[in-house]
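Trainee: I need the structure of the sequence given here:
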Amino acid sequence: MAGASSGAGRDTDSGYAESFAWRSSRTVSVNQDASLLSWGSGSAPSLPSVDNESQADTMSISESLRSSTASINSSLYHFIQENGRTYHRYKEGRYFLPNDAEEQERLDLQHQLFIIAIGNKLNIAPIPDNPPRVLDIATGTGIWAIEFAIQHPRSEVIGTDLSPIQPEFLPENCRFEIDDAEDEWVYSEPFDFIHGRALMSCFNDPAAVVRQAFANLAPGGVLEFQDALFPMNYIGEPPRESALYRWNEKMLEGVARLGRSWSNAQNYHRYFEEAGFEDIVEKRFYWPTSPWAKGLYFKTVATYFQEDMLMGLEGVSLKVLAGLGMSPEEVREFAEEVKKDFKDTSIHAYLTVTYIYGKKPNRTTAR
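Mentor: This next block holds a predicted model:
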């Protein structure tokens, strides 16, 4: 899985109505009974358990997902070409993933994965119906910010990213800015809700980003992060000889050589506490790599997660594994092996994903 911090521009000639019709169709791309996707009275699903019965019932989920996937036209601007992919030009190299049409489509699919995992919601934090000012950092294609603006028409929603990839035609209460959330924040007014998602690939110092978010929230304002805890885990003995296991290990080594860590999400609770947040709530969810797990909830999430990774595996691997001396051809060949493991229901791997939020104290003396 990868973050949503960069991209290339979309073709907006089709107009406002068609743009929103497409986005709306993506939010209901799988026919689903909400009660079957719930996890009971608990705060989150328990660890998935292996389904030893036929996988035939997952076919309708998979086919529904694939038939709903729309192609995205793009006009590539503000980009760098490398290994047949495009990357952001502003602060070139800050973000590892490409920003072409293929990656944009994956990011919008990943958006559905994040909201389906929590019952078709954009956030888990308890917030007012229309928080006056909302900020979405590393907004990617802008789909979260746009949907939030539509659902909260009296909120002012700002999305920031390294690349100008967002649509031209937007709700009147939504706008986007090119910005790096690790730079000093210079907003003239505080926010009431700040959201960040899939930030694993984005920041050198996520604790500093949390501190800046705290400083730029109004008293009582809320920060919510939604992110992955990398590497993946397994039910039973890890398949150490598999390409999937080796990919996880190589990616950890590669990002370390690039001066980053993809394990920062395990520290989010501490970062929130140290920044001064209170009433911190963290919930963890589990995304199987294939429909090996029991239950419609896990099979649906697995279908989306698998498609997300099949679409993005090459893109997320090219720059990172190049740091280990692998050529683009070697990376692509290795990625094909890993994709086979994502489809292998005998490999019981899953990704842990954390949704965490905290509130800035109402006391005006809070730091």
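Trainee: any low-confidence regions in the stretch 101-250 of the chain?
Mentor: The stretch 101-250 of the chain contains residues with pLDDT under 70 at 164-166.
Trainee: give me that answer again for 50
Mentor: Across the stretch 101-250 of the chain, nothing is flagged by pLDDT under 50.
Trainee: Spatially nearest residue to Lys294, not counting backbone neighbours?
Mentor: The spatial neighbour of Lys294 that comes closest, neighbours along the chain excluded (CB to CB, 6 or more residues apart in numbering), is Asp51 at 4.2 Å. Backbone N, C-alpha and C define where each C-beta goes, glycine included.
Trainee: And the strands in the stretch 51-200 of the chain?
Mentor: 79-82, 85-88, 133-137, 156-161, 174-178, 191-197 (DSSP state E, counting those that start in this stretch).
Trainee: Tabulate the ones you listed (CSV), appending mean neighbour count.
Mentor: As requested, these are arranged in CSV below (neighbours: other CB atoms under 10 Å):
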stretch, mean neighbour count
strand 79-82, 15
strand 85-88, 24
strand 133-137, 25
strand 156-161, 24
strand 174-178, 17
strand 191-197, 25
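Trainee: To Gly119, which of those strands lies closest?
Mentor: Gly119 lies closest, by CB to CB, to one member of the strands of the stretch 51-200 of the chain: strand 191-197, at 15.9 Å.
Trainee: I'd like to check the angle between the helix or strand just after the closest one and strand 191-197, please.
Mentor: Downstream of strand 191-197, the first helix or strand assigned by DSSP states H and E is helix 206-215. For helix 206-215 against strand 191-197, the angle by axes from the mean of the first three to the mean of the last three CA atoms, to 10 degrees is 160 degrees.
Trainee: Just name whatever secondary elements the next helix or strand after helix 206-215 is in contact with.
Mentor: Downstream of helix 206-215, the first helix or strand assigned by DSSP H and E is strand 217-234. Applying 3 or more CB pairs under 8 Å, 6 or more residues apart in numbering; DSSP states H and E, we find strand 217-234 packed against strand 191-197, helix 206-215, helix 243-257, helix 268-275, strand 349-359.
Trainee: How far does strand 217-234 sit from its chain's centre?
Mentor: From the chain centre to the centre of strand 217-234 is a distance of 11 Å (CA atoms, centre = their mean, to the nearest Å).
Trainee: Counting neighbours, which bits of that strand end up buried?
Mentor: Neighbour counts over strand 217-234 (16 or more other CB atoms under 10 Å) mark 217-218, 221-232, 234 as buried.
Trainee: ok, back up a step: pipe the strands of the stretch 51-200 of the chain into CSV and attach distance to Phe305 per row.
Mentor: What follows is the strands of the stretch 51-200 of the chain, written out as CSV (distance: least, CB to CB, whole Å):
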stretch, distance to Phe305
strand 79-82, 27
strand 85-88, 22
strand 133-137, 22
strand 156-161, 23
strand 174-178, 27
strand 191-197, 15
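Trainee: of those strands, which approaches Ala275 most closely?
Mentor: Each of these has some distance to Ala275 by CB to CB; the shortest is strand 191-197, at 11.6 Å.
Trainee: Now do that closest one against strand 349-359, angle only.
Mentor: Counting by the same axes, to 10 degrees, strand 191-197 lies at 170 degrees to strand 349-359.
Trainee: Distance from strand 191-197 to the middle of the chain?
Mentor: For strand 191-197, the distance to the chain centre is 14 Å (CA atoms, centre = their mean).
Trainee: quick one: contacts of that strand?
Mentor: With contact meaning CB atoms under 8 Å, 6 or more residues apart in numbering, strand 191-197 is reached by 4, 114, 122-123, 125, 127-128, 131-138, 144, 148, 181, 209, 213, 216-218, 220-227.
Trainee: Could you list the paired strands of that strand along with their orientation?
Mentor: strand 133-137 (parallel), strand 217-234 (parallel) (DSSP bridges).
Trainee: so that strand versus strand 156-161, what angle?
Mentor: 40 degrees.
Trainee: circling back: please identify which of the strands paired with strand 191-197 is closest to Gly254.
Mentor: Of all those, strand 217-234 sits nearest to Gly254, with 11.8 Å by CB to CB.
Trainee: Which residue ranges of the stretch 251-367 of the chain form helices?
Mentor: Assigned by DSSP state H, counting those that start in this stretch, the helices in the stretch 251-367 of the chain fall at 268-275, 296-322, 328-343.
Trainee: looking at those, which is closest to Pro171?
Mentor: Closest to Pro171 of the helices of the stretch 251-367 of the chain, according to CB to CB: helix 296-322, at 25.4 Å.
Trainee: Report all helices and strands that that closest one contacts.
Mentor: helix 59-68, helix 101-116, helix 243-257, strand 278-288, helix 328-343.
Trainee: Arg154: which of the ones you listed is closest?
Mentor: Closest to Arg154 of the helices and strands packed on helix 296-322 is helix 101-116 (CB to CB; 21.4 Å).
Trainee: tell me the angle of the closest one relative to strand 349-359?
Mentor: 70 degrees.
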